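S.K.: Got a predicted model here, sequence first, then my questions.
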Amino acid sequence: MVTTGANNLGGFLRSRRERLTPEAAGIAPGITHRRVPGLRREELAELAGVSIGYYTRLEQGASSSASPAVVDALAAALRLDPSEHEHLRVLAAPRRPTRSRAHRSKLRPSVRDLLAAVPTAAAIVIDHRADVLAWNRLGHALLACHLDVDAPDARIRPNIARMLFLDPHHRALYCDWAGKAQVTVAALHQAVARHRSDAGLEHLVGELVSESVEFARLWARRPVRTCSSYLRALDHPLVGRMTLSNETVTLPDDDQQLGLFYARPGTPDADALALLAQSIDRRSAPDAPSQKENAR
């Protein structure tokens with residue numbers, strides 16, 4: 001099993017240092033041969049204004065936290081974007097003793113009511129592990145019509161990350177699977193940084209690293225950039241291709257997110273989503289009485 005400790009401060013610093021070329025960092029090319037294209041530790045330490053010994057301890061894990069001033073200096077030296085900068089702050093925060101979190105996330109009844117109140121949008125709620133806590137009927141039909149509609153209430157819930165990498169039916173839904181995969185891995189990296197003692201999250205990452213070469217490769221790159229709004233091009237087995245807006249909302253007071261898939265009214269994409277909703281209604285409608293029953 002791969003432990004969440006693999007997503008530590010030192011590993012993230014090393015990945016960004018190795019990504020940054022001397023030219024991008026404003027360092028004049030030297031005459032010495034470089035074995036790797038990235039910066040050397042001493043070059044980064046000088047750019048950030050810290051000692052090489054201190055930076056080496058950070059990268060090797062001998063020091064597991066850094067002050068806000070050092071974090072900001074390292075972020076500037078590494079040319080981190082805002083998402084990466086915030087991720088570095090989380091990783092560099094002092095660790096507090098916490099108990100291992102393996103409990104099952106609970107969904108508030110009001111959130112379940114909310115899902116039912118948006119019948120024209122496909123809606124789903126996931127926790128920080130990407131476990132599906134609930135979906136409305138259209139969300140189930142859009143994202144996992146090959147699974148039982150009550151699967152989120154089962155002992156082992158569907159998991160969006162596991163489905164994306166290990167379930168060929170769900171994988172085939174995304175026209176830009178690579179883009180969706182990167183966002184999913186980035187979200188898991190951020191979850192691991194914030195929940196460092198979560199046994200369930202550790203088990204999920206270990207499983208995916210072992211079972212999916214693609215996940216293992218992406219995980220090693222340590223992507224962290226995510227967004228709350230996307231356009232998703234989907235190829236659904238029942239209604240064909242459509243492009244939907246995908247908005248993600250973090251629920252207050254819960255470590256959970258609400259995902260909504262919808263289309264602008266009057267567009268072909270909205271027509272396709274409505275057709276999918278109609279197929280649900282047809283499947284759930286009582287069987288029409290047979291001619292024999294009508295004759296009685």
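M.R.: On my side now, so go ahead.
S.K.: tell me the SS of Val125?
M.R.: With DSSP: H, G, I helix; E, B strand; the rest coil as the basis, Val125 sits in strand.
S.K.: Now do it, the pLDDT please.
M.R.: Reading off the confidence values, Val125 has pLDDT 97.
S.K.: Same question for the one 4 residues further on.
M.R.: In the prediction, the pLDDT value recorded for Arg129 is 95.
S.K.: And the one 10 residues further on, by the same measure?
M.R.: As predicted, Gly139 sits at a pLDDT of 97.
S.K.: what about it, distance to Ala161?
M.R.: 17 Å (CB to CB, to the nearest Å). All C-beta spots, glycine's among them, are computed from the backbone N, C-alpha and C.
S.K.: next one: Leu114
M.R.: 23 Å.
S.K.: cool, Leu204 as well?
M.R.: Taking CB to CB, one finds Leu204 at 7 Å from Ala161.
S.K.: Same check on Gln257?
M.R.: 13 Å.
S.K.: okay, those two: which has more neighbours?
M.R.: Ala161 (23 against 18; other CB atoms under 10 Å).
S.K.: you'd agree the more buried one is in a helix?
M.R.: Yes - counting by three-state DSSP, Ala161 is found in a helix.
S.K.: tell me the contacts of the residue nearest to it when sequence neighbours are not counted?
M.R.: In this structure, Ala161 finds its nearest non-sequential neighbour in Ala130, 4.3 Å apart by CB to CB, 6 or more residues apart in numbering. Residues in contact with Ala130 (CB atoms under 8 Å, 6 or more residues apart in numbering) are 159-162, 184, 187-188, 191, 204.
S.K.: switch to 7 Å and redo it
M.R.: For Ala130, the contacting residues are 159-161, 188, by CB atoms under 7 Å, 6 or more residues apart in numbering.
S.K.: which residues in this protein form helices?
M.R.: Ranges of helices within the chain are 9-19, 41-48, 52-60, 68-77, 82-92, 109-116, 137-144, 160-166, 168-171, 177-194, 199-211, 213-221, 268-284, 291-295, based on DSSP state H.
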